[in-house]
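Engineer: Have a look; sequence and predicted model below, questions after that.
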Amino acid sequence: MAWDIREKKAYQKRWNADPANKAKKKLYDQSRRAGRRKKEMARLRGRLLSVYGPKCTCCGETEEQFLSLDHVHNNGSDERKRMDRSTIYRKALKSQPSGDYQILCWNCQRGKYLNGGICPHKSKK
Ligand SMILES: [Zn+2]
Ligand SMILES: [Zn+2]
């Protein structure tokens, strides 16, 4: 049985008006939005890696899962308080090559943080 568009709209209206469906709809919208965000983040990340180089600036790690954007001047936590990650990614793409950002692996980023701003790889040299 094919529905004509008016029937379909009326059905949708009834469905939306039913309080039992409200939570379902919210969940559906949320997951759709999350899906879009995830895709957008992956796209931005891909662009960042191609612009900044797909490897750790410090140790040369190339496994993409380990790589992330690092704030060269260690102002990352401050910036993360003021804007969300996609905004930071976009800013990093726009400001390149300002020298404010670099790609580091998690090891080097953590090492840099714990070692007072210099990755232990570097302070050993
Ligand atoms: Zn590294
Ligand atoms: Zn390192």
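Structural biologist: Everything's here; your move. Ligands and ions are numbered 1, 2, ... in the order given.
Engineer: Pull up the per-residue confidence for the closest residue to residue 21 other than its chain neighbours.
Structural biologist: Closest residue in space to residue 21, ignoring its immediate chain neighbours: residue 15 at 5.4 Å, by C-beta to C-beta, 6 or more residues apart in numbering. Heads up, the C-betas are built off the backbone N, CA and C, glycines and all. On pLDDT, residue 15 comes in at 92.
Engineer: Return the distance of the host helix or strand of residue 15 from the chain's centre.
Structural biologist: Assigned by DSSP states H and E, residue 15 belongs to helix 5-17. Put simply, helix 5-17 sits 36 Å off its chain's centre (C-alpha atoms, centre = their mean, to the nearest Å).
Engineer: Next, the residues that contact it from outside, please.
Structural biologist: Helix 5-17 is contacted by residues 3, 21, 25 when judged by C-beta atoms under 8 Å, 6 or more residues apart in numbering.
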